[in-house]
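Undergrad: need the 3D shape of this:
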Amino acid sequence: MTNLFGTDGVRGRVGTTPMTVDFALRLASAAARVLAPGGGRVLIGKDTRVSGYMFESALEAGFVAAGVDVMLIGPLPTPGIAYMTQRLGCCFGVVISASHNPYQDNGIKFFDAMGSKLSDLVEHEIERLLGLPVVTQESQHLGKAIRIDRSRTQYQDFCASTIPSGMSLKGYKIVIDCANGAGYKVAPRVLADLGAEIVPIGCSPNGRNINDGCGSTSPELLQLTVPGVRAQVGLALDGDGDRVVMVDELGRCVDGDQLLFILAMARRLAGELKGPVVGTVVTELLLEHVLAERGVEFLRAQVGDRNVLAMLKQAGGTLGGETSGHILCLDKTTTGDGLISALQVLAIMKQTGSGLAELAAGMKKYPQVLLNVRVARRFDPLTEPGVARVVEEVELRLKGRGRIVLRPSGTEPVIRVMVEGSDAGLVKQGAKDIAAAVEAASK
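TA: Below is the predicted model of the structure:
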């Protein structure tokens, strides 16, 4: 088996390869061989999908059989697992989640002892060992398993510590949408402990309603609720809590690009912005323009937070992210964290006395259309002559005042078509034309 690890771990439909109990058992055995060959401890966390129970049990069995002690922390955001892996001195951490996907999907991803995602070389080594028999140590060398659910308060304390000491959110009414996912316990508690009045939605998981009409991928209910209850702001996490989008007091959505702008401007004003800001190939063109006008260097990485992270480290930066709301504040934590990113924005609101609408006003968005074309096979669309011809035609229509991005999804069988520019009509028609060409090429 090769190429099982995508942009964010192993992921798929539950009950089909690779997301089966048998595979999870073999994956645990292979990972133990690579990440804890002499024994040690692993932390396992998950989101709220009903299938998480069986994958948790399968991974636990594989690790214990390989002589690795297992710590089970239950539902906790992915960045919380990264933090707690390092905090508890584990050899590595495991997250059972398919992030923003529906409950029928699930996934398994790893962190190393420092709370960072595994390198490609390490992932390839784990894949290489998947064909070996599951290892079972002699009884005296087997691992043990314990539950440490209450340890999540350590992550809550860490999140609260990322805003200025002594700062209170008293006086703010905040609507928090946790996508019925991994953040449903810790996120409201952190905000409430900081003094905010909380209006929770998407905080009643039942194993099947994760990301279902709620969370960062479906913020419509949040947009209605914030002005409806006269809240100052709303925030929506995704199913595993590593992404966030926010909603201003008027019910308008503030996406990852706008949040990145707000954070960059505040850090620049405070003299705390280090290195360039890093986005991705699909980050809005306007963000690049407004940062350049203010003397801030902007770089683009390939899509995926691990690519943003790699470029930040290479360029000496600390702030980056994706349009989806996956923000990296490396001056605060080691990985993308939706709650910590939201807390940084709330702290800026508190320090400046400005509402979210005012802070985001410096970056009015260019028209942008993103279409997902479902395909039967994975391919590079730009290598198809018919697609390349239509792309060239659309570029001529945009006359240098827009851009086009075509890329296969790393998690779904779709080709993403993004067209952005100053003319809304040209953008909309161009996206439709390219999507039609991609669909034709896939047949």
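
Undergrad: what about residue 344, which helix or strand?
TA: helix 338-352 (DSSP states H and E).

Undergrad: for this protein, which helix is longest?
TA: helix 424-441 (DSSP state H).

Undergrad: extract the C-alpha trace of that one and format it as PDB.
TA: The C-alpha trace of helix 424-441 is given here as PDB (Å, rounded to 0.1, in the frame of the first residue of the first chain):
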ATOM      1  CA  ALA A 424     -18.100  39.800 -11.000                       C
ATOM      2  CA  GLY A 425     -19.800  38.900 -14.300                       C
ATOM      3  CA  LEU A 426     -16.500  37.800 -16.000                       C
ATOM      4  CA  VAL A 427     -15.600  35.800 -12.900                       C
ATOM      5  CA  LYS A 428     -18.900  33.900 -12.700                       C
ATOM      6  CA  GLN A 429     -19.000  33.100 -16.400                       C
ATOM      7  CA  GLY A 430     -15.300  32.100 -16.500                       C
ATOM      8  CA  ALA A 431     -15.700  29.700 -13.600                       C
ATOM      9  CA  LYS A 432     -18.700  28.100 -15.300                       C
ATOM     10  CA  ASP A 433     -16.800  27.700 -18.500                       C
ATOM     11  CA  ILE A 434     -13.700  26.100 -16.900                       C
ATOM     12  CA  ALA A 435     -15.800  23.800 -14.700                       C
ATOM     13  CA  ALA A 436     -17.700  22.500 -17.800                       C
ATOM     14  CA  ALA A 437     -14.300  21.900 -19.500                       C
ATOM     15  CA  VAL A 438     -13.000  20.000 -16.500                       C
ATOM     16  CA  GLU A 439     -16.200  17.900 -16.400                       C
ATOM     17  CA  ALA A 440     -15.900  17.000 -20.100                       C
ATOM     18  CA  ALA A 441     -12.300  16.100 -19.600                       C
END
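
Undergrad: ok, and for that helix, which residues are buried?
TA: 426-428, 430-431, 433-439, 441 (16 or more other Cβ atoms under 10 Å). The C-beta positions use only the backbone N, C-alpha and C, and glycine is treated the same way.

Undergrad: one more: stretch 189-200?
TA: For stretch 189-200, by 16+ other Cβ under 10 Å, it's 189, 190, 191, 194, 196, 197, 198, 199, 200.

Undergrad: from the contact counts, what lies against the next helix or strand after the helix holding residue 344?
TA: Next along the chain after helix 338-352, taking DSSP H and E as the criterion, comes helix 356-360. Contacts defined by 3 or more Cβ pairs under 8 Å, 6 or more residues apart in numbering; DSSP states H and E place helix 356-360 against helix 256-269, helix 338-352.

Undergrad: ok, which of these comes nearest residue 364?
TA: Smallest distance to residue 364 across the helices and strands packed on helix 356-360 (Cβ to Cβ): 9.4 Å, for helix 256-269.

Undergrad: show the average pLDDT along the closest one.
TA: Across helix 256-269, the average pLDDT comes to 97.

Undergrad: what does stretch 129-136 give?
TA: 95.

Undergrad: for it, which outside residues touch it?
TA: Outside stretch 129-136, the residues within contact range by Cβ atoms under 8 Å, 6 or more residues apart in numbering are 1, 4, 25-27, 29-30, 32-34, 62, 65-66.

Undergrad: those residues, buried ones only, as a PyMOL selection?
TA: What follows is the PyMOL syntax selecting those of the contacts of stretch 129-136 that are buried according to 16+ other Cβ under 10 Å:
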select buried, resi 4+25+26+27+29+30+32+33+34+62+65+66
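
Undergrad: name the helices or strands packed onto the helix or strand bottoming out on mean pLDDT in the chain?
TA: In the chain, no helix or strand scores lower on mean pLDDT, DSSP states H and E than strand 402-408, which sits at a mean of 87. Here strand 402-408 touches helix 385-398, strand 414-421, helix 424-441, going by 3+ Cβ pairs under 8 Å, 6+ apart.

Undergrad: buried residues in that strand, which are they?
TA: So, applying 16+ other Cβ under 10 Å, buried residues of strand 402-408: 402, 403, 404, 405, 406, 407.

Undergrad: want to try CSV for the residues you listed, with distance to residue 358 as columns?
TA: Shown next, in CSV, are the buried residues of strand 402-408 (distance: Cβ to Cβ, whole Å):
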residue, distance to residue 358
402, 28
403, 28
404, 32
405, 30
406, 36
407, 34
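
Undergrad: circling back: which of the buried residues of stretch 189-200 sits closest to residue 328?
TA: residue 190 (19.2 Å).

Undergrad: just give me how far the helix or strand hosting that closest one sits from the chain centre.
TA: When elements are assigned from DSSP H and E, residue 190 belongs to helix 186-193. Put simply, helix 186-193 sits 20 Å off its chain's centre (Cα atoms, centre = their mean, to the nearest Å).

Undergrad: ditto for stretch 380-396
TA: 30 Å.

Undergrad: low-confidence stretches in this protein?
TA: Filtered on pLDDT under 70, the chain yields the residue ranges 1-2, 410-411.

Undergrad: residue most distant from the centroid, it?
TA: Most distant from the centre of the chain: residue 140, at 39.9 Å, with distances by Cα atoms, centre = their mean.

Undergrad: gap between that one and residue 318?
TA: Separation of residue 140 from residue 318 (Cβ to Cβ, to the nearest Å): 47 Å.

Undergrad: elements contacting the longest helix of the chain?
TA: Secondary elements touching helix 424-441 (3+ Cβ pairs under 8 Å, 6+ apart): strand 368-374, helix 385-398, strand 402-408, strand 414-421.
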